[in-house]
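**Student:** sequence first, then the predicted structure:
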Amino acid sequence: MRRALRNRNLIIGGIMAVLILATAFLSFFYTPYDPNRMNLAERFQSPSAKHWLGTDQYGRDILSRIMKGAVNSLVVGWVAVGIGLTLGILLGSLAAYWRGWRDEGIMRIADVFYGFPAVLSAIFITSILGPGMVNSMLAIGIFYIPIFARLTRGASLSIWPRDYVTSARAIGLSNRAIIWTTILPNILSPLIVQTTVQFAIAILAEAALSYLGLGTQPPHASWGRMLNEAQTFMEISPWLAIFPGMAIAVAVLGFNLLGDGLRDLLDPKFVRQKI
Amino acid sequence: MVLRVIPGDPAQIILGIQATPETLQELRHKLGLDLPLIVQYGSWLGGILRGDFGQSIAYDVPISSLILSRMEVTVPLAILSILFAVLFSIPLGIHAATRRNRLGDYGVMVFSQVGLAIPQFWAGILLILFFAVHLQWFAAGGFKPWMESPLLALKSLLLPALSLGLIRAAVLARLTRSCMLETLGEDYIRTARAKGLAEKIVVYKHGFRNALIPVVTILGLQMGELLAGAIIIENVFHLPGLGRLVFLAIGQRDLPVVQGVGLLIAFIIVVVNFLVDVTYGVVDPRIRMGKEGS
């Protein structure tokens, strides 16, 4: 606990991540205005006491839309990471258990996906599946499967030869039970760290897809989409292009720092090696 | 093959919703879309081997000429981005490593963390806001062809290259710092210092050269990310490059163009990684291909 409190990355990242999570949670119960309600009489209002972050081209309150946009970003992030984590752990654990040609097969397929840049893959996949929030979750999630599969396989391979795994086998545990109760709990640390890092990347990827019109569709608020719309009007309303971008940067920075902090905390070997 | 199962009929997109079933069928036949998938794929592969990328469905011109014309934007954009990334990151990384745990080091680490958190397209929008809207030094977007005005062409690529390069610089600066710290802790650096060499020679000639290999590797690996970033940045700045071409082609279901550009991107990534391997031998004479152990 004392080590956690001394970890600057963990504290700052944790605060930023909690801030974003709390904003998203609060938006279910309260937003200053209806985020989708148009009010043409109040178009392009600059930040003021009435509209803290101003209004857009339809008179919609920017703060309310950023709050709702947080929900979309977090949902896309969680579902994408969830898909990658679930299938990646499954494939990685099986590859490490099977070894041989089945391991080779799974890993070579993972390599094919791994070689493609994340955003490029997501753009191609969303263009195949069609634009939308659900498809962007799938697009990002599919790209994450090989990342978690490789991580799980690598970490599992180092655990299988350990004495306590041999002991578990000796007391008659099935292979499935060994993976579930002995292998997975021992590789949780790198998985937790990777989850926070991939979560931050998912927020960036979702914003990029929405910016290109392939992610969350209007009228629903999305940070990337807000930036796309802002670009047309930034000469008269520059704040439209500033606040949604700041929201993305805070969320990504928060989860990145949290990931760094967790790595320092959960992997003392890494701290010793880190320079 | 996957691209061929994209929902949406290219023939319908070209002829519009008013088209009759007969004209649609005629166009599908002309484009070869009525052939089995495996035959279409085989014919595409055969064409590639002959240097023929096929015909664009939407533009009705050879894809190779379409790609060539767009490369005059994307290739200089990629080169400029890498140039910016290297020019920013390497001095920053070395500066941070030689001033470990001091203000300069913290500054570089903050730049690196913030750079990693900023979406490239937002960096582009902020640069437009400051340099094009506020200072009016640059146009907010568009591209003047090199043949018309080389200076204006270069000027229209500076902001997009900066937005791509700055984000890459954040990654590279952190890596350069980390590699330099590791190298500066080696025995031969202590020996070089003990010989009384000037600190600049110790840092740059002995330290930096040995720290360069991981930096060059990551620079090569970032080529894929850079090309993916170009798709978005070319849309932000309305540049008629390969990225914008492939993005529009996806919307128009112009599959031969998507396949052609996809193949080209894969080819560029492979070539860059090969060049990275070649660079190893230049950077570190101890590494010579095929001469291990000698």
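**Tutor:** That came in fine, so what should we check first? Numbering: from 1, shown residues only, chains lettered A, B, ... in the order given.
**Student:** C-alpha only now, for contacts and for neighbours.
**Tutor:** Fine.
**Student:** where along chain A do the helices fall?
**Tutor:** With DSSP state H as the criterion, chain A has helices at A:2-6, A:8-26, A:62-98, A:100-114, A:118-129, A:133-159, A:163-170, A:175-178, A:184-186, A:188-211, A:223-233, A:239-266, A:268-273.
**Student:** export the ones you listed to a markdown table and tack on mean pLDDT, distance to chain B and mean neighbour count?
**Tutor:** What follows is these, written out as a markdown table (pLDDT from 0 to 100; distance: least, CA to the nearest CA, whole Å; neighbours: other CA atoms under 10 Å in any protein chain shown):
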| stretch | mean pLDDT | distance to chain B | mean neighbour count |
| --- | --- | --- | --- |
| helix A:2-6 | 75 | 16 | 10 |
| helix A:8-26 | 93 | 11 | 18 |
| helix A:62-98 | 94 | 14 | 23 |
| helix A:100-114 | 83 | 11 | 15 |
| helix A:118-129 | 75 | 5 | 22 |
| helix A:133-159 | 89 | 13 | 23 |
| helix A:163-170 | 91 | 34 | 13 |
| helix A:175-178 | 90 | 35 | 14 |
| helix A:184-186 | 90 | 29 | 14 |
| helix A:188-211 | 89 | 6 | 24 |
| helix A:223-233 | 91 | 7 | 22 |
| helix A:239-266 | 90 | 5 | 23 |
| helix A:268-273 | 52 | 10 | 10 |
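**Student:** who in chain B is up against chain A?
**Tutor:** Selection of chain B residues close to chain A by CA under 8 Å from any CA of the partner chain yields B:3, B:5-7, B:113-114, B:116-119, B:121-122, B:125-126, B:129, B:133, B:178, B:181-182, B:224-225, B:228-229, B:232, B:235, B:250-251.
**Student:** which SSE is immediately downstream of the helix or strand harbouring B:Ile48?
**Tutor:** B:Ile48 belongs to helix B:37-49 when elements are defined using DSSP states H and E. Counting by DSSP H and E, the next helix or strand C-terminal to helix B:37-49 is helix B:63-98.
**Student:** same question for that next one, mean pLDDT?
**Tutor:** Confidence for helix B:63-98, expressed as mean pLDDT, is 91.
**Student:** what's in contact with stretch A:3-20?
**Tutor:** A:70, A:250-251, A:253-262, A:264-265 (CA atoms under 8 Å, 6 or more residues apart in numbering or on different chains).
**Student:** likewise for stretch A:248-267?
**Tutor:** A:3-4, A:7-17, A:20, A:189-190, A:192-197, A:199-201, A:203-204, A:207, A:223, A:270-271, B:113-114, B:116-119.
**Student:** in the helix or strand where B:Leu151 lies, what counts as buried?
**Tutor:** Per DSSP H and E, B:Leu151 falls inside helix B:150-184. Within helix B:150-184, the residues scored as buried using 16 or more other CA atoms under 10 Å in any protein chain shown are B:152-184.
**Student:** gap between the residue nearest to the spatial centre of chain A and A:Phe148?
**Tutor:** Nearest to the mean C-alpha position of chain A, counting by CA atoms, centre = their mean, stands A:Phe199 at 1.8 Å. A:Phe199 is 12 Å from A:Phe148, where distance means CA to CA, to the nearest Å.
**Student:** likewise A:Phe25?
**Tutor:** The value you get for A:Phe25 to A:Phe148, if CA to CA is used, is 28 Å.
**Student:** contacts only, for A:Val134.
**Tutor:** A:Val76.
**Student:** what of B:Pro150?
**Tutor:** B:Lys144.
**Student:** tell me the confidence at B:Asp9?
**Tutor:** 69.
**Student:** what about the residue nearest to A:Leu129 when sequence neighbours are not counted, distance to A:Thr216?
**Tutor:** If the residues on either side of it in the chain are set aside, A:Leu129 comes closest to A:Asn135, at 6.3 Å by CA to CA, 6 or more residues apart in numbering or on different chains. Distance check for A:Asn135 against A:Thr216: by CA to CA, it reads 9 Å.
**Student:** and B:Leu219, by the same measure?
**Tutor:** 32 Å.
**Student:** more crowded one of these two?
**Tutor:** A:Thr216 (28 against 22; other CA atoms under 10 Å in any protein chain shown).
**Student:** contacting residues around the closest residue to that one other than its chain neighbours?
**Tutor:** Nearest residue to A:Thr216 in three dimensions, chain neighbours excluded: A:Met133, at 4.5 Å (CA to CA, 6+ apart). Residues counted as contacts of A:Met133 (CA under 8 Å, 6+ apart) are A:Val76, A:Gly215, A:Thr216, A:Gln217.
**Student:** over to A:Asn186?
**Tutor:** For A:Asn186, the contact set (CA under 8 Å, 6+ apart) comprises A:Ile159.
**Student:** now residue 242: closest residue in space that isn't a chain neighbour?
**Tutor:** With no chain named, the answer covers chain A. Leaving aside its sequence neighbours, A:Ile242 sits nearest to B:Leu126 (CA to CA, 6+ apart; 7.6 Å).
**Student:** wrong one, I was asking about chain B
**Tutor:** Here the residue nearest B:Leu242, using CA to CA, 6+ apart, is B:Arg70, at 5.3 Å.
**Student:** neighbours around that neighbour, how many?
**Tutor:** 18.
**Student:** same check, this time on the one 5 residues further on
**Tutor:** The number of residues packed around B:Val75, counting by other CA under 10 Å, is 14.
**Student:** check the gap between it and chain A for me.
**Tutor:** 18 Å (CA to the nearest CA, to the nearest Å).
**Student:** can you give me the helices for the stretch 151-294 of chain B?
**Tutor:** Ranges of helices in the stretch 151-294 of chain B, per DSSP state H, counting those that start in this stretch, are B:187-194, B:199-201, B:209-236, B:242-251, B:255-283.
**Student:** columns mean pLDDT on top of those helices, output as a markdown table?
**Tutor:** A markdown table is the format used below for those (pLDDT from 0 to 100):
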| stretch | mean pLDDT |
| --- | --- |
| helix B:187-194 | 90 |
| helix B:199-201 | 88 |
| helix B:209-236 | 83 |
| helix B:242-251 | 85 |
| helix B:255-283 | 81 |
